[in-house]
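S.K.: Pasted the sequence and its predicted model underneath.
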Amino acid sequence: MALIAKPARPAPKTAEPVDPVEAFIAKGGSVPQAEPSPSIAAVEPTAKGAQHPLKFPADSDLFDRLERARKGSAVRLPRNTWILQAIAEKLARDSR
């Protein structure tokens, strides 16, 4: 069994003109620095408004009643839309 030496690497070609796109890709970049997270009080609400999770009391049948009313309507609306519509109706009633 004959053993041969490792093949020699060809010398890198530096005389060739470098494509600007290839040079940009080869240049790479740096890792973005993490900004410190602002406190909750310092966060400004987005243009849409702050979103809050909705939680129902564990010992209440409020969620079941909501689902029955939502499913019983002629037009099936997503739960969030149905709740927002109910809030808007209540606010309109109370502002009179």
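M.R.: Noted; the coordinates are in hand.
S.K.: From here on, just use CA atoms for contacts and neighbour counts.
M.R.: Noted.
S.K.: What average pLDDT does stretch 69-86 get?
M.R.: Stretch 69-86 carries an average pLDDT of 88.
S.K.: ok, and for stretch 75-87, which residues are buried?
M.R.: Using 16 or more other CA atoms under 10 Å as the burial criterion, the residues of stretch 75-87 that qualify are residue 82.
S.K.: what do you get for stretch 58-74?
M.R.: residue 70.
S.K.: Report the separation between the residue nearest to residue 63 when sequence neighbours are not counted and residue 66.
M.R.: Residue nearest to residue 63 in three dimensions, not counting chain neighbours: residue 56, with 6.5 Å by CA to CA, 6 or more residues apart in numbering. From residue 56 across to residue 66, the span is 11 Å (CA to CA, to the nearest Å).
S.K.: residues near residue 5, how many?
M.R.: When neighbours are counted by other CA atoms under 10 Å, residue 5 registers 5.
S.K.: again with residue 89
M.R.: 11.
S.K.: Name the SS class of it, please.
M.R.: At residue 89 the chain is in helix, as set by DSSP: H, G, I helix; E, B strand; the rest coil.
S.K.: Ok, residue 9 next?
M.R.: Judged by three-state DSSP, the three-state class of residue 9 is coil.
S.K.: Next, the contact list for it, please.
M.R.: If you count contacts by CA atoms under 8 Å, 6 or more residues apart in numbering, residue 9 has none.
S.K.: can you offset everything so residue one is 31?
M.R.: Yep, numbering from 31; the last one is residue 39 now.
S.K.: Find me the pLDDT at it, would you?
M.R.: With respect to pLDDT, residue 39 has a value of 85.
S.K.: Equivalent analysis for residue 82, please.
M.R.: For residue 82, the model assigns a pLDDT of 62.
S.K.: Repeat that for residue 67.
M.R.: 63.
S.K.: coming back round to it: and the residue nearest to residue 93, how many neighbours?
M.R.: 9.
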